[in-house]
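*Asks:* what shape does this take:
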Amino acid sequence: MQNQSFITEFVFLGLSQNPTVQKTVFVVFLLVYIATIGGNMVIVVTILCSPALLGSPMYFFLAFLSFLDACFSSAFAPKMIVDLLYERKTISYKGCMIQLFAEHFFGGAEVIVLTSMAYDRYVAICKPLHYSSIMNWRLCGILVGVAWTGGFLHSIIQILFIYQLPFCGPNVIDHFLCDLYPLLELACTDTHIFGLFVVANSGFICIIIFTMLLVSYGVILFSLRTHSAEGRRKALSTCGTHIAVVVLFFVPCIFTYARPPSAFSFDKMVAIFYTMLSPLLNPLIYTFRNMEMKNAMRKVWKRFVVVSDEK
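*Replies:* Next up is the predicted model:
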């Protein structure tokens, strides 16, 4: 169905109208984005260049998660950072739809990857003797395929619903990115049903999966009673980092989507957290207490230094 929109572009109000504040935020966000891409790609390159890590499903999923974080951040950050240099911040209707699609595509895929990582840890800790037979490469490949497919289906459903809405009047979005609720506020029709759909399709799904993940990690931690002290320490360290990443990802998403479509003054702050800070913190959390990752990074770094010296 052809949409009934007469609007060709939207105007963002951004984070602030103060030029001095915008310049400061520009520098901070540019550094955060560079660190996000750098940190996540270091993890991807380290795992791909380390056969011992790449042979482990846990690190295979970690590389995939880091790649998704880099893509997720890149869906917003470059546009948001460049907009801070301009007084008038605009985005075309098509550009807005692409940004909305990218957010839910990579976000939806990340939800499935985080769930896969939780299942991997459950099998490794609760069924160690069957780990290699259960977490084989065929299953890992299937889970990656499910992540891409699930992210695409989730995103395309959102786009198809938004595309039905007529935008014929106001085009000013009190935000720095295109998202579902800010767009619903501008539609020239009653969006109550659409708002409930967003809560069901994004909010409740986040709550259900978040609850399932917390329960699964609870089962894992409960099962550690039978492990040795060293085994408990290692498992707790690994699960602790996973739980931290899950909380950082799901809590802002639940706050954003699992409520009626009403504007809160701190919505933008929550959006900054899941678009900028969460993808930045994930690589730090995963590498901070992980000796295997640290050692692999050193080896890969030394290898690159040797190669560059030989040239």
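
*Asks:* check contacts around Arg298.
*Replies:* With contacts defined as C-beta atoms under 8 Å, 6 or more residues apart in numbering, Arg298 has no neighbours. (C-beta placed from N, C-alpha, C; glycine too.)

*Asks:* okay, and it sits in which element?
*Replies:* For Arg298, the host element (DSSP states H and E) is helix 291-310.

*Asks:* gap between that helix and the chain center?
*Replies:* Relative to the mean C-alpha coordinate of its chain, helix 291-310 is positioned 28 Å out (C-alpha atoms, centre = their mean, to the nearest Å).

*Asks:* what pLDDT, on average, does that helix get?
*Replies:* On average, the pLDDT along helix 291-310 is 75.

*Asks:* so which bits of it are buried?
*Replies:* Met293, Ala296, Met297, Val300 (16 or more other C-beta atoms under 10 Å).

*Asks:* please apply the same query to stretch 97-109.
*Replies:* Residues of stretch 97-109 classed as buried by neighbour count (16+ other C-beta under 10 Å): Met97, Gln99, Leu100, Phe101, Ala102, Glu103, His104, Phe105, Phe106, Gly107, Gly108, Ala109.

*Asks:* would a markdown table of these with pLDDT, secondary structure and distance to Ser50 be doable?
*Replies:* Formatted as a markdown table, the buried residues of stretch 97-109 follow (pLDDT from 0 to 100; DSSP: H, G, I helix; E, B strand; the rest coil; distance: C-beta to C-beta, whole Å):
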| residue | pLDDT | secondary structure | distance to Ser50 |
| --- | --- | --- | --- |
| Met97 | 92 | helix | 39 |
| Gln99 | 93 | helix | 34 |
| Leu100 | 92 | helix | 36 |
| Phe101 | 94 | helix | 34 |
| Ala102 | 94 | helix | 30 |
| Glu103 | 90 | helix | 31 |
| His104 | 91 | helix | 32 |
| Phe105 | 95 | helix | 29 |
| Phe106 | 95 | helix | 25 |
| Gly107 | 91 | helix | 28 |
| Gly108 | 91 | helix | 29 |
| Ala109 | 94 | helix | 24 |
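
*Asks:* out of the residues you listed, which comes closest to Gly39?
*Replies:* For these, the minimum distance to Gly39 (C-beta to C-beta) is 16.6 Å, reached by Phe106.

*Asks:* right, and the closest one touches Phe76 too?
*Replies:* No. Using C-beta atoms under 8 Å, Phe106 is not in contact with Phe76; the gap is 10.3 Å.

*Asks:* now the common contact residues for the two.
*Replies:* Counting by C-beta under 8 Å, 6+ apart, Phe106 and Phe76 have no common neighbour.

*Asks:* could I get the full set of helices for the stretch 151-300 of the chain?
*Replies:* Along the stretch 151-300 of the chain, counting by DSSP state H, counting those that start in this stretch, helices occupy 180-186, 192-198, 205-223, 229-257, 267-272, 278-288, 291-310.

*Asks:* quick one, what contacts Phe72?
*Replies:* Ala102, Glu103, Phe106, Gly107, Glu110, Thr275, Pro279.
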